[in-house]
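Asks: Okay, sequence plus prediction incoming.
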Amino acid sequence: MCAKCQISSFLHAHHYNIYIVYFYFFAYIRNIKNKYLVDYLLTYFNPIQLAVLAALTLALLQQLGRFIRYIFLAATRAPQTNSANFQPLSVVICARNEDANLKEMLPIVCEQDYNEFEVIVVNDCSEDETIIVLAEMERRYTNLRHTNIDPDRKFMHGKKLAITIGVKSAKYEHIVFIDADCQPASNQWLKQVAASYTNNTEIVLGYGGYKPCKGLLDKLIRFDTLSIAMNYLGLARTRHPYMGVGRNMSYTKSLFLNSKGFQSHYNIISGDDDLFVNEHGTRKNTKIVASKESKTISYQPETFIGWFKQKSRHITTWPRYRFGSKILLAVDSIGKFVFYASIIILIWPLQMYEYALIGFGVRFLIQMIVYKINMRKFGEKGFWLFIPIFDLIMPLFYAAVSFSNYQIKCRNRK
């Protein structure tokens with residue numbers, strides 16, 4: 001008896017139909033054209049069943065590929081910080097009415113364990129006591145200075161102007177950015193960022209988390225933040241940078257000035273971080289720093305409405321991404337949609353429960369393991385058991401945010 005007949009007889013005798021399906025698709029991927037195998041599968045499944053199982057298998061493979069990327073991220077080692085030849089750094093902080101936050105975060109930034117660095121606060125039209133706080137802090141820290149942007153009713157501006165002024169005010173080539181409501185997680189933050197620079201590096205991307213709070217909203221926000229970070233850091237780790245977050249990133253002054261800063265998207269309120277990286281990040285000039293010591297922590301929105309509005313602003317930049325970035329993100333989204341749609345169809349109306357259970361179980365197990373190791377890497381905890389629920393909820397949430405933005409856009413056109 002030939003080898004094909006032996007395999008088929010064994011599988012038939014033991015009723016291992018699911019293994020027949022997976023063997024077929026493995027053979028397909030390796031370009032093995034086997035009409036006998038196709039005919040054999042069609043004796044067990046009708047064309048609709050086979051098509052749904054094919055969709056589930058391909059979507060599962062795509063999702064597993066994404067999880068492998070996250071494993072590579074978790075395996076990224078923290079940079080060595082024992083070098084005595086770190087380059088000097090300029091830390092730029094843009095602040096508007098942040099006097100309370102500046103009192104709390106500036107000492108942590110100014111007291112970093114780093115040899116030579118300056119801290120520049122761009123006071124962007126503040127109406128609170130920011131000026132007084134900065135004056136007090138500058139007496140305590142000689143490496144701290146500030147510049148002011150005065151209000152002008154005839155000239156409205158956003159954060160991009162403040163960043164541009166901060167970059168041009170910087171004395172040093174390598175500039176690190178953090179928001180006024182953020183804090184470094186350790187005094188090794190600057191060392192970790194600086195150690196990530198090599199000869200060709202012009203951009204360094206880090207993780208910006210949120211301070212844990214009580215309640216389900218806190219868990220959902222931190223899950224979403226970690227998921228986004230795993231995606232953009234994981235893709236940058238595999239040389240496909242597409243975004244970063246302004247509360248923990250770094251780039252060189254020459255890159256900013258030579259590329260004319262935010263000129264190509266200055267008219268958009270958001271995008272000072274993700275659009276800049278998407279436009280200028282390459283496989284050769286972008287590195288990541290991924291560790292507990294290198295992350296920053298900020299305060300999350302207090303209400304669901306506040307978070308919804310924040311997300312509405314953020315996604316306005318997506319249409320401006322490079323075509324390649326859109327494809328990568330679309331493949332991930334489509335893969336997840338096809339996976340869950342296939343699971344639902346297998347349960348009803350096809351009533352192929354065992355296949356739905358196996359497919360869902362494989363993805364669920366790997367997802368939980370991958371998230372656990374990344375939560376440990378970035379010092380996150382408290383929402384691990386909610387991951388399967390949040391994973392189902394978030395696509396619906398982003399669909400609602402996109403629909404809301406579309407409605408607003410339509411109203412503005414009238």
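Replies: Received, thanks. Please read these numbers as outputs of a predicted model, since none were measured by experiment.
Asks: what about the chain, any weak spots by pLDDT?
Replies: Along the chain, segments meeting pLDDT under 70 span 1-38, 40, 83-85.
Asks: Quickly list the domain ranges of it.
Replies: Per automatic domain parsing, the structural domains of the chain span 1-44, 89-301.
Asks: how long is the last one end to end?
Replies: Right, the one you point to is domain 89-301. Terminal residues of domain 89-301 lie 30 Å apart, using Cα to Cα, to the nearest Å.
Asks: for that domain, the distance to its chain's centre please.
Replies: Chain-centre distance of domain 89-301: 15 Å, with Cα atoms, centre = their mean, to the nearest Å.
Asks: Strands of the stretch 151-300 of the chain, start to end?
Replies: Counting by DSSP state E, counting those that start in this stretch, one finds strands in the stretch 151-300 of the chain at the ranges 174-177, 182-184, 203-205, 208-210, 249-252, 286-288, 296-298.
Asks: now, of the domains of the chain, which is deepest in the fold?
Replies: Most buried of the domains of the chain, by mean neighbour count (mean count of other Cβ atoms under 10 Å): domain 89-301, with a mean of 19. For glycine as for every other residue, the C-beta is placed from the backbone atoms N, C-alpha and C.
Asks: Provide the count of other residues in contact range of residue 315.
Replies: Applying other Cβ atoms under 10 Å, we find 14 residues neighbouring residue 315.
Asks: surely it meets residue 404?
Replies: No. Using Cβ atoms under 8 Å, residue 315 is not in contact with residue 404, being 9.9 Å away.
Asks: Give me the neighbour count for residue 381.
Replies: 11.
Asks: quick one: it from residue 213, how far?
Replies: Distance of residue 381 to residue 213, computed by Cβ to Cβ, to the nearest Å: 13 Å.
Asks: was I right about residue 230 contacting residue 377?
Replies: No. If you go by Cβ under 8 Å, residue 230 and residue 377 don't touch, sitting 9.6 Å apart.
Asks: any common contacting residues for the two?
Replies: Residues touching both residue 230 and residue 377 (Cβ atoms under 8 Å, 6 or more residues apart in numbering) are residue 73.
Asks: returning to that earlier point: tabulate the strands of the stretch 151-300 of the chain (JSON lines), appending distance to residue 371.
Replies: Converted to JSON lines, these look like this (distance: least, Cβ to Cβ, whole Å):
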{"stretch": "strand 174-177", "distance to residue 371": "27"}
{"stretch": "strand 182-184", "distance to residue 371": "24"}
{"stretch": "strand 203-205", "distance to residue 371": "20"}
{"stretch": "strand 208-210", "distance to residue 371": "14"}
{"stretch": "strand 249-252", "distance to residue 371": "23"}
{"stretch": "strand 286-288", "distance to residue 371": "18"}
{"stretch": "strand 296-298", "distance to residue 371": "19"}
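Asks: Please name whichever of those is nearest to residue 43.
Replies: Closest approach to residue 43 among these (Cβ to Cβ): strand 286-288, 50.1 Å.
Asks: quick one on the thing from earlier: nearest to residue 136 among the strands of the stretch 151-300 of the chain would be which one?
Replies: strand 182-184 (18.4 Å).
Asks: Which elements pack onto the closest one?
Replies: Applying 3 or more Cβ pairs under 8 Å, 6 or more residues apart in numbering; DSSP states H and E, we find strand 182-184 packed against helix 99-110, strand 296-298.
Asks: can you list the ones you listed in CSV and add distance to residue 253?
Replies: Output for the helices and strands packed on strand 182-184, formatted as CSV (distance: least, Cβ to Cβ, whole Å):
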stretch, distance to residue 253
helix 99-110, 19
strand 296-298, 21
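Asks: and of those, who's closest to residue 160?
Replies: strand 296-298 (19.4 Å).
Asks: Provide the strand pairings for the closest one, with the direction of each partner.
Replies: Here strand 296-298 is paired, per DSSP bridges, with strand 182-184 (antiparallel), strand 208-210 (parallel).
Asks: returning to that earlier point: save the domains of the chain as JSON lines, and put in distance to residue 72 too.
Replies: Formatted as JSON lines, these follow (distance: least, Cβ to Cβ, whole Å):
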{"stretch": "domain 1-44", "distance to residue 72": "21"}
{"stretch": "domain 89-301", "distance to residue 72": "6"}
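Asks: Out of these, flag the one nearest residue 68.
Replies: Nearest of the domains of the chain (Cβ to Cβ): domain 89-301, 9.3 Å.
Asks: mind listing what's buried in stretch 349-364?
Replies: For stretch 349-364, burial by neighbour count (16 or more other Cβ atoms under 10 Å) applies to 350, 352, 355, 356, 358, 359, 360, 363.
Asks: nearest to residue 93, of those?
Replies: Closest approach to residue 93 among the buried residues of stretch 349-364 (Cβ to Cβ): residue 363, at 41.2 Å.
Asks: Just list the residues touching the closest one, thanks.
Replies: Contacts of residue 363 (Cβ under 8 Å, 6+ apart): 60, 63, 64, 339.
Asks: in which helix or strand would I find the last one?
Replies: It refers to residue 339. Following DSSP states H and E, the helix or strand that holds residue 339 is helix 323-347.
Asks: One more: the first one?
Replies: Residue 60 is part of helix 47-74, with elements assigned from DSSP H and E.
Asks: by contact count, what packs against that helix?
Replies: Helix 47-74 sits against helix 17-29, helix 216-237, helix 323-347, helix 353-378, with contacts defined as 3+ Cβ pairs under 8 Å, 6+ apart.
Asks: of all those helices, which lies closest to residue 188?
Replies: helix 353-378 (14.7 Å).
Asks: Of the domains of the chain, which is nearest residue 75?
Replies: domain 89-301 (9.2 Å).
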